[in-house]
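**Student:** what's the 3D shape of this:
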Amino acid sequence: MTGGEITEREFALFRRLIHEIAGISLSDAKKVLLAGRLGKRLRHYGLGTFSEYYRLLSSGDHPEELQTMVDLLTTNETYFFREPHHFDFLRREILAGRRDAAAFRLWSAASSSGEEAYSVAMVLAEALPDAPWEIVGSDICTRVLARAAAGHYPLARTEGIPPGYLRRYCLKGVRAHAGTLLIAPELRRRVRFLQINLMQPVDAGIGEFDVVFLRNVMIYFDQATKTRVVHNLLPRLRPGGHLIIGHSETLAGVTDRVVAVRPTIYRKP
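**Tutor:** Okay, the predicted model is just below:
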């Protein structure tokens, strides 16, 4: 019982399963990665083959294990103030001179462990000190959502944070927490994290947003999945609101429901 060798047929089963659930397209080069990450689950259950593990997942008796599989196979690379020109656009073009009395709402739709959502929170706290605002961060992966809600990060992860923001909105850990920082409570209170699968229509209960960040997640999707995901979230973007995607992504051929403002930044008419 090795729990480490996977056949081509078994790999195809898991590749199809993660695509159906999360929209992720795994290349052939990911076979070793998949076997390595899921092999520990075979050992956990005392299973001898990936086929047995697939049958366990497909039985419907272990929904929590299906979530564990998704958590293990999703990629969650992020850091504070990634692609800083988007935060500059938010500050200078969207927030500058804003007079709307309604709460400004932003959705970080693939928020991973929360660095993007808290980066935005720092910008909003600075730009709208006396106005109401709210951020929702979402991800399919429960493991990273728990980290995001805690707002607790290694100091090594914070090099992208401007020094002024670092002083005002981050608390440096001491003693047992040395080498870490905690996002200030007044920011954490304004950021809410939810589990949302963008492959499914988004519940209207989440409300509408002035800005949606959907950055660096579509690179893992095929064209049909990109279209499905974008059309699932666009109803939650207010008319006149902005949709912002990653620097290596485009909505060309994905949707005509938004208008390009500049590369990677779109506006809903």
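**Student:** does Trp107 touch Arg215 like I think?
**Tutor:** No. Counting by Cβ atoms under 8 Å, Trp107 sits too far from Arg215 to count as a contact (11.6 Å). (Glycine included, C-beta is placed from N, CA and C.)
**Student:** show me what stretch 156-164 is in contact with.
**Tutor:** With Cβ atoms under 8 Å, 6 or more residues apart in numbering as the test, stretch 156-164 has contacts from Tyr79, Phe80, Phe81, Arg82, Pro84, Glu115, Ser119, Met122, Leu166, Cys170, Gly179, Leu181.
**Student:** of those residues, buried ones?
**Tutor:** Using 16 or more other Cβ atoms under 10 Å as the burial test, the contacts of stretch 156-164 include Tyr79, Phe80, Phe81, Arg82, Glu115, Ser119, Met122, Leu166, Cys170, Leu181 as buried.
**Student:** tell me the secondary structure for the first one?
**Tutor:** On the three-state scheme (DSSP: H, G, I helix; E, B strand; the rest coil), Tyr79 is labelled coil.
**Student:** for it, which residues are in contact?
**Tutor:** For Tyr79, the contacting residues are Glu115, Arg157, Gly160, by Cβ under 8 Å, 6+ apart.
**Student:** out of the buried ones among the contacts of stretch 156-164, which are inside helices?
**Tutor:** Glu115, Ser119, Met122, Leu166 (DSSP state H).
**Student:** before we move on, back to that, hmm, which of the contacts of Tyr79 is lowest in pLDDT?
**Tutor:** Lowest pLDDT within the contacts of Tyr79 is found at Arg157 (87).
**Student:** ok but that residue is inside a strand, no?
**Tutor:** No. Arg157: not assigned to a strand; according to three-state DSSP it is helix.
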